[in-house]
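Asks: one predicted model, sequence on top.
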Amino acid sequence: MTLVNDAAPAVRSTGRKFRAFTAKHLDELTARAGLSPEQQLATRAVATVLPFRTNQYVIDELIDWSAAPEDPIYRLVFPMADMLPAEDVARLSDLLRSEAPKAEVDAAARAVRMKLNPHPAGQMELNIPSFGDGKIPGLQHKYDETVLYFPKQGQTCHAYCTYCFRWAQFVGEADLKMAGDDTQQLRDYVLAHPEVTSVLFTGGDAMIMGEPVLRRYLEPLLDLEQLESIRIGTKSLAYWPQKFVTDPDADAMLRLFEQVVESGKNLAFMAHFSHPRELEPLVVTEAVRRIRDTGAVIRTQAPLIRTINDDPAVWESMWRTQTRMGMVPYYFFVERDTGPQDYFAVPLARAYEIFRDAYQNVSGLSRTVRGPSMSATPGKVCVDGVLDLMGEKVFALHLIQARDADLVGKPFFAKYDPDAVWLDDLKPAFADRFPFEA
């Protein structure tokens, strides 16, 4: 098989070997951001609860250290003291200051985690189906046509986003983690459910895996005629684009992508870009070109995050750049009801304004994006607007996707609430319940 990229070589960014930084490096890095010793201690306290991991590329190429700790990329990857309630941070800081036993610190951190809704939207109770003699580890099936799979070797990332709604995957607690590695079980489940037309590999990040490991998950699906698409949820284009350019298995990985496309499947990269700066390095342009040359489609998505991208100019810039690079703007999400939601959340009314103001300034090619969308228990709920109807100010909404497929696309209304940040904060308008409520 001839790799398309081999036929027309381009100048490649050399890059360096991947180097990760974890909580043990926090004092060194936060000192660079100008934090005082007490602020550094509070940062480490938050990092006992929420995961921290970044890498040399993010530190050297993406963070503007002259603006840290206010720099948006710094805030995107580094724990902040006010992400958690002050009393919890103080308690954990006291334990660290007194060099309390690790078991005591871990227990205190776990108590805080359990207050942060680690698995929102009924993931553990509603999304995991029974099959055969029990449940399939690492598999979720929320919408009829789409199966999510969490490959065991892909349950980490090149760097962690502080807002990540999958944060519970990364804190080392087995009962909070979803992971599977039985590809035959996955194949058997899909075959037993002919309504399934798409498999989404998620995590973590499937692109943390090497080509031989990812191949083991993809190849068993390629001869399934019912499958129309295989999706890969990934932040790698933002946090480690070298994966597709200079890593030792970059060419082999791209050949695997070509194989997926040649099997008749739509290979879709669900790429996470949270800020325009993540698109600026030339190596990102090269990585995008190489992936697209395999026949894969790159769709972009991210949540709206206070202090990081809560500005319509940021989204307009991202969508314009992504379209110019050949990517497809796909989702504008609302920050989910988990982890430090209170720290990151933007009121729904403001979220709609930001979306509208950015959307109206881009061309039709960028208006493929959908949002603001809440991935809530009943499905993906989109805020379509704010209007006065029958003498009442209301939110207009609809379900882009739903557990109950009959509800997809049907409009409904909620009473306007300027402080609401999530579906659970809303009350129905012109009805005594929402369409998805029993």
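Replies: Cool, got the structure.
Asks: restricting to C-alpha, output stretch 385-395 in PDB.
Replies: Backbone C-alpha positions of stretch 385-395 (Å, rounded to 0.1, in the frame of the first residue of the first chain) are rendered in PDB as follows:
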ATOM      1  CA  GLY A 385     -32.400  31.000  21.300                       C
ATOM      2  CA  VAL A 386     -34.000  33.400  23.800                       C
ATOM      3  CA  LEU A 387     -37.400  34.900  22.800                       C
ATOM      4  CA  ASP A 388     -40.600  36.400  24.100                       C
ATOM      5  CA  LEU A 389     -43.500  34.100  23.500                       C
ATOM      6  CA  MET A 390     -47.000  34.400  24.600                       C
ATOM      7  CA  GLY A 391     -45.900  37.200  27.000                       C
ATOM      8  CA  GLU A 392     -43.200  35.100  28.600                       C
ATOM      9  CA  LYS A 393     -39.400  35.200  28.100                       C
ATOM     10  CA  VAL A 394     -38.200  31.600  27.400                       C
ATOM     11  CA  PHE A 395     -35.300  29.500  26.100                       C
END
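Asks: what comes up buried for it?
Replies: When neighbours are counted by 16 or more other CB atoms under 10 Å, the buried residues of stretch 385-395 are found to be 386, 394-395. The C-beta positions use only the backbone N, C-alpha and C, and glycine is treated the same way.
Asks: swap in stretch 258-278?
Replies: For stretch 258-278, burial by neighbour count (16+ other CB under 10 Å) applies to 258-260, 263, 265-278.
Asks: what about Asn127? Give its phi and psi, please.
Replies: Phi and psi for Asn127, reported as degrees, to the nearest 10, are phi -90, psi -10.
Asks: the helices in the stretch 201-350 of the chain, which residues?
Replies: Using DSSP state H, counting those that start in this stretch, the helices assigned to the stretch 201-350 of the chain run over residues 211-218, 236-239, 250-262, 282-293, 312-324, 341-344, 348-359.
Asks: for the fourth one, C-alpha coordinates in PDB please.
Replies: Provided in PDB are the C-alpha atoms of helix 282-293 (Å, rounded to 0.1, in the frame of the first residue of the first chain):
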ATOM      1  CA  LEU A 282       3.200  24.800  11.800                       C
ATOM      2  CA  VAL A 283       3.400  21.200  13.000                       C
ATOM      3  CA  VAL A 284      -0.400  21.300  13.500                       C
ATOM      4  CA  THR A 285      -1.000  22.300   9.900                       C
ATOM      5  CA  GLU A 286       1.300  19.500   8.800                       C
ATOM      6  CA  ALA A 287      -0.400  16.900  11.000                       C
ATOM      7  CA  VAL A 288      -3.900  18.000   9.700                       C
ATOM      8  CA  ARG A 289      -2.700  17.800   6.100                       C
ATOM      9  CA  ARG A 290      -1.300  14.300   6.600                       C
ATOM     10  CA  ILE A 291      -4.400  13.000   8.300                       C
ATOM     11  CA  ARG A 292      -6.800  14.500   5.700                       C
ATOM     12  CA  ASP A 293      -4.600  13.000   2.900                       C
END
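Asks: can you start the count at 53 instead of 1 from here on
Replies: Got it, the first residue is 53 from now on, which makes the last one we talked about helix 334-345.
Asks: got the angle between it and helix 364-376?
Replies: In terms of direction (axes from the mean of the first three to the mean of the last three CA atoms, to 10 degrees), helix 334-345 departs from helix 364-376 by 50 degrees.
Asks: just the third one next, same as before
Replies: Helix 302-314 and helix 364-376 are oriented at 80 degrees to each other (the same axes, to 10 degrees).
Asks: got it, and the first one?
Replies: Helix 263-270 and helix 364-376 meet at an angle of 90 degrees, taking the same axes, to 10 degrees as the criterion.
Asks: which other residues reach helix 263-270?
Replies: Contacting residues not belonging to helix 263-270 are listed as 201, 203, 205-206, 235, 238, 253, 258-259, 282, 301, 304-305, 308, 312 [CB atoms under 8 Å, 6 or more residues apart in numbering].
Asks: in strands only, show me those.
Replies: 201, 253, 282 (DSSP state E).
Asks: relative to Ala133, how far out is the first one?
Replies: It stands for Tyr201. The spacing between Tyr201 and Ala133, counted by CB to CB, to the nearest Å, is 36 Å.
Asks: tell me which of those two has more neighbours.
Replies: For the pair Tyr201 and Ala133, the greater number of neighbours falls to Tyr201 (27 against 20), based on other CB atoms under 10 Å.
Asks: tell me the pLDDT of that one.
Replies: In this model, Tyr201 is scored at 96, pLDDT.
Asks: beta partners for it?
Replies: On the basis of DSSP bridges, Tyr201 is bridged to Leu191, Phe253.
Asks: got the contact list for it?
Replies: If a contact means CB under 8 Å, 6+ apart, then Tyr201 has 190-192, 232, 238, 251-254, 269 as its contacts.
Asks: try it again at 6 Å.
Replies: Taking CB atoms under 6 Å, 6 or more residues apart in numbering as the contact definition, Tyr201 lies against 190-191, 238, 253.
Asks: among the contacts of helix 263-270, show me the least confident.
Replies: Across the contacts of helix 263-270, the smallest pLDDT goes to Gly206, namely 90.
Asks: shouldn't that one be in contact with Met259?
Replies: No - using CB atoms under 6 Å, Gly206 is not in contact with Met259; the gap is 7.8 Å.
Asks: what number of residues lie near the residue nearest to Met322 when sequence neighbours are not counted?
Replies: With CB to CB, 6 or more residues apart in numbering as the measure, Gly285 is the residue that lies nearest to Met322, at 4.6 Å, once sequence neighbours are left out. The number of residues packed near Gly285 is 21, by other CB under 10 Å.
Asks: how close does Gly285 get to Asp389?
Replies: Between Gly285 and Asp389 the computed distance is 19 Å (CB to CB).
Asks: and for Phe253?
Replies: Phe253 sits 24 Å away from Asp389, going by CB to CB.
Asks: more crowded one of those two?
Replies: Phe253 (26 against 22).
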